[in-house]
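**Q** Fold the following and give me the result.
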Amino acid sequence: MPNSIQAFGVFLILLPGFTSAYIAQQLATRPKQTELDKVVEALLFSLALYVAVGPLFHFALPVGWHEAASGPPGNYLVVVEWKELASLAGAAVLLGVVFAANVNHDWILSLLRKIGVTERTSRTSIWSGNFQDIVGVTTVQVVLADDRTVSGWVHYYSDDPGDASLFLEKAEWIDIKNQKIPIPGPGILLLPAARIKYVMFLDPEATDAQNNET
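**A** Residues are numbered from 1 along each chain as shown. Have a look, this model is predicted:
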């Protein structure tokens, strides 16, 4: 009985790390991970959580036991430390959200690049990295394989550069005379079949000037 309870307590120690890893996987844009990568990451999260929360509870397992005062020998009572469980659960959610935000905004690696420690970035590709930085900031002009041009605000974009898809709000076709033809409705969805040739990210000043001209 004690061995099984102890194993369950260890499981509860590891579970918050897997919870953090799952939350990060759902919220962060990252390269695909192998199953081993996911397990190692979850174990590292568990270690971080235990180091952070453990001192508050003297590094005790969230589930313990003691032999019952009455009854036959070998009769044990299970004791659950609900405060520790709640603290681990809250810390797990917080860690997962903060880690995902760090990956999406490239906070730590950006700092390390500034001090010359690394040249790496948390962006999965140049495609998604650029859109993560400019969405909601400026308009874009997209030139397609048939040389048609469309402009608008980027509302959605694919994470995978192999699936080069964009949804543009306030979209307009631009003809060869640089005249804008508004697209009625919420916007336009550009699928991989459209074969995007390149994307121009316009300065807000240039966008305002074009709007004044039209």
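**Q** CA only for contacts and neighbour counts going forward, please
**A** Fine.
**Q** Pull the contacting residues for residue 29.
**A** By CA atoms under 8 Å, 6 or more residues apart in numbering, the contact set of residue 29 is 103, 104, 123, 124, 159.
**Q** TSV for these, including secondary structure, neighbour count and distance to residue 30?
**A** Listed next are the contacts of residue 29 as TSV, based on DSSP: H, G, I helix; E, B strand; the rest coil; neighbours: other CA atoms under 10 Å; distance: CA to CA, whole Å:
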residue	secondary structure	neighbour count	distance to residue 30
103	helix	21	8
104	helix	19	8
123	coil	20	7
124	coil	17	5
159	coil	20	9
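**Q** which one among those residues gets closest to residue 192?
**A** When the contacts of residue 29 are compared for distance to residue 192 (CA to CA), residue 159 comes out closest, at 12.8 Å.
**Q** Name the SS class of the nearest residue to the closest one once chain neighbours are set aside, please.
**A** Closest residue to residue 159 apart from its sequence neighbours, by CA to CA, 6 or more residues apart in numbering: residue 128 at 5.6 Å. Counting by DSSP: H, G, I helix; E, B strand; the rest coil, the backbone at residue 128 sits in helix.
**Q** Pull the number of nearby residues for residue 128.
**A** 18 (other CA atoms under 10 Å).
**Q** how close does it get to residue 92?
**A** Applying CA to CA, to the nearest Å, the value for residue 128 to residue 92 is 27 Å.
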